[in-house]
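Q: Dropping the sequence and predicted coords here.
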Amino acid sequence: MTSRMMKYVLVTGGVISGIGKGIIASSVATILKSCGLHVTAIKIDPYINIDAGTFSPYEHGEVFVLDDGGEVDLDLGNYERFLDIRLTKDNNMTTGKIYQSVITKERRGDYLGKTVQVVPHITDEIQEWVVKQAKVPVDDDQVEPQVCVIELEGTVGDIESMPFIEAFRQFQFKVKKENFCNIHVSLIPQPSATGEQKTKPTQNSVRELRGLGLSPDLIMCRCFSALENSVKEKISMYCHVEPEQVICVHDVSSIYRVPLLLEDQGVVSYLSRRLNMPIDAKPGKMLTKWKEMSDRSDRLLEPCSIALVGKYTKFSYASVIKALEHSALAINHKLEVKYIDSTHLEELEEPVKYHEAWQKLCSSHGVLVPGGFGVRGTEGKILAINWARKQKKPFLGVGLGMQLAVCEFARNELGWTDANSTEFNPETKHPVVIEMPEHNPGQMGGTMRLGKRRTLFKSSSSVLRKLYRDAEYVEERHRHRFEVNAELKSPFEDKGFHFVGQDVEGERMEVIELDDHPYFVGVQYHPEFTSRPIKPSPPYLGLLLAAAGKLQSYLLKGCRLSTRDMYIGSSTSDSESSN
C-alpha cells in the first residue's frame, strides 16, 4: 500500500445486539491481513465501567486478559485469535475511560476554565484516542498498522452510543472520505425456516444511522439462509447502496467460514477501491489455512469428550472452549464439551441433577476444571479432580482448577483433611493456597496478578515442558489473587506431586504435574488467552491428545503431529510455545 494514511473501518450494528459484529469485524480484518496489510482493531463498549474486570460472569460472560494486564471485552479475544496479534488495554475503549480521561484533564486545568461538554470535549477525546491507538504496533514485527477496524458495541439509536456516533460523524470529515468507511451489520429476520426474509428492520436501522450523520458503505445482512436476489435488490434500493454493497452473512457451519464467505462476495475488492488501497485482491496463504481448517471442522467424525466442570454459564468460558476447539481440530477429532455445574456433583438434595452430573463426568474422555472465584461449587470441583486422579483420566486444572488440585491431593494423600484455600476457609490449619502478599483487598478492579508473566520450568522431564517444545520458560497471561503456599511444597514433592514450573523468583508455584498418571497437569496462568486456531495452546493440546490416546505417540515423535493431522502449510506441527 503506497499511501501512508491510516485507513479506518467502523463496524456498527442495527436491529438487535448480539448478531455477530465481533466475528464480522474480526473476519474483515482477517481478509485484509491476508492481503499483506498490517491490521489492528479497537472495540468500543459504551458502558460507564472503566473495564470488564469487575463484571459478573453471569451478566457479561468472560473477562479477556491481555499481555499488559488489561481486563477487556471478550471480543478482543476474537481479534487476537483471528489475526494472531497482541492487543493492549487501550484497544478496548469504554465510556468510563473516556470520561475519566476528560475529567482528569479538567481537574488539571487543561481546558483553561472552559465549560467542558460532550461536544466537543468528549467527542474530541474519542477521536484522539482512536488516532493514537491505531498507530500502536500489534504484530511481532512491530510495524505500525495500516488499517484499523473499529467495532462499536450496541445498536444504532442506543442513548449510550450517541457520543461515539457523533464522534465518528465528525471523524469521517477529519480523516477524509477515502480513509474512512462504515460497515453496518443488520438482521434480516425470517419468521420461519421457509418464510419470507424481512427487510424493514434493516431499512429502519439504516435510516436512523443516516439521520445521525453516517452512511453505510457496506450493509452486512445477518440471516438464517442465503439472501434471495430480490431481497438483496430491495435492500439496495431502499438503503441507497449498490447491490454489490449488500453482503450476505448467513449461518455457516463454523465461524472459520465467515472470512471465506466475505472474501467470496468481493469485500476485499470493494474496500480496495473504496479506501484507495492498491492491494492484491487475492488473499494469500493465510486464508488457504483458514479454508483447510474450515473444511476439516466440517468433516470431523471421531469424537473426544471433555467434561468442563465449572459453575458459570457457557458464555463465561469462551476462551477455554476456543482453546479446546483449536486443539481438537489440530488432532483431527470432533470436540464434545460436557458442561457440568460443579454444585450438582456435591448435592444429593437434587438426585436427578446429581446422577446426571456424575454420569456426564464418568463418560468423558478428559476433565477440565477452569478458573473462577468464590467458594460455591468448589467442593464439587474437588470431587471431580479426585475422580480424575484416581481413575487416571486426563486432567487439566487452570487457575483455581490448579489450586483445587493441590487442595484435593493434600486432603486425600497427605492426610491434611482440612486443607483449603484461605479464600474459602481463613481458619484452616493447612493453608495450601494463600492470598498474594501484594493483593489490595480494599479496591476492586485491577488488583490481581494480571497479564503476561514468565514461568520457568524446573524439570527437563516435565510433560508440559515437552509440549512447549522443550522451552526453558514460557510467558503466559495471569489473572489471580491467590496462589499455592510455597512453604508447604515439600510433602507434595515427596509423594510424586511436582511443582515443575515456578516464577522467575522461585516464590510462586505455576505448574503442577503428577507421577504415574496419563496427564494430570495444573497451571496457575490462563493459556487459553493465547491459543490460536492454527497454533493451539500446549496445555490444552496435551489434554486433548491424552484424552484421545495420542499423547505418548506425540511425545515420542518429538511433539510433531502426523501428516494426516497437520494443516497444509501450517505451523501446527512446529507449534510455538505461547511466549
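A: All right, it came through fine.
Q: Secondary structure element holding Ser305?
A: Using DSSP states H and E, Ser305 sits within strand 303-310.
Q: Give the next helix or strand downstream of that strand.
A: Assigned by DSSP H and E, the successor of strand 303-310 is helix 318-330.
Q: Go ahead and produce CSV holding the CA coordinates of that following helix.
A: Below are the C-alpha coordinates for helix 318-330, written out as CSV (Å, rounded to 0.1, in the frame of the first residue of the first chain):
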residue,chain,number,x,y,z
ALA,A,318,-15.5,-18.6,25.8
SER,A,319,-11.7,-18.7,25.5
VAL,A,320,-11.5,-22.1,27.3
ILE,A,321,-13.9,-23.6,24.7
LYS,A,322,-12.0,-22.0,21.8
ALA,A,323,-8.7,-23.4,23.1
LEU,A,324,-10.3,-26.9,23.3
GLU,A,325,-11.7,-26.4,19.8
HIS,A,326,-8.3,-25.4,18.4
SER,A,327,-6.6,-28.5,20.0
ALA,A,328,-9.4,-30.8,18.8
LEU,A,329,-9.0,-29.5,15.3
ALA,A,330,-5.3,-30.0,15.4
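Q: chain center to it, what's the gap?
A: 11 Å (CA atoms, centre = their mean, to the nearest Å).
Q: Could you do stretch 513-532 as well?
A: For stretch 513-532, the distance to the chain centre is 18 Å (CA atoms, centre = their mean).
Q: list the contacts for the spatially most central residue of the chain?
A: Compute the mean C-alpha point of the chain, and by CA atoms, centre = their mean the closest residue is Gly77, 2.9 Å away. Counting by CB atoms under 8 Å, 6 or more residues apart in numbering, Gly77 touches 62, 64, 318-319, 322, 529. Placement of C-beta: from N, CA and C, glycine included.
Q: So which of those is the closest to Tyr339?
A: Ala318 (13.0 Å; CB to CB).
Q: that older thread, mind telling me what element the residue nearest to the centre of the chain is part of?
A: Going by DSSP H and E, Gly77 is in helix 75-83.
Q: Buried residues, the following helix or strand past that helix. List them.
A: The first helix or strand that comes after helix 75-83 along the chain, using DSSP H and E, is strand 92-94. Neighbour counts over strand 92-94 (16 or more other CB atoms under 10 Å) mark 92-94 as buried.
Q: Mind listing residues that contact the next helix or strand after strand 92-94?
A: Per DSSP H and E, strand 92-94 leads on to helix 95-108 as the next helix or strand towards the C-terminus. With CB under 8 Å, 6+ apart as the test, helix 95-108 has contacts from 45-51, 111, 116, 121-122, 125-126, 129, 160, 163.
Q: got the CA positions of the lowest-mean-pLDDT helix or strand in the chain in CSV?
A: Of all helical and strand segments in the chain, the minimum by mean pLDDT, DSSP states H and E falls on helix 57-60, at a mean of 71. Extracted C-alpha coordinates of helix 57-60, given in CSV (Å, rounded to 0.1, in the frame of the first residue of the first chain):
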residue,chain,number,x,y,z
PRO,A,57,-19.6,-13.8,34.6
TYR,A,58,-23.4,-14.3,34.6
GLU,A,59,-24.1,-10.8,33.2
HIS,A,60,-21.2,-10.2,30.8
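Q: Which positions within that helix qualify as buried?
A: 57, 60.
Q: what's next to it, contact-wise?
A: Residues contacting helix 57-60 (CB under 8 Å, 6+ apart): 52, 63, 312-313, 315-316, 372.
Q: remind me which residues of the stretch 451-579 of the chain are low pLDDT?
A: 562-579 (pLDDT under 70).
Q: all helices for it, in order.
A: 463-467, 489-494, 538-547, 551-556 (DSSP state H, counting those that start in this stretch).
Q: Out of those, which is the most enclosed?
A: Comparing the helices of the stretch 451-579 of the chain by mean neighbour count (mean count of other CB atoms under 10 Å), helix 538-547 comes out on top with a mean of 28.
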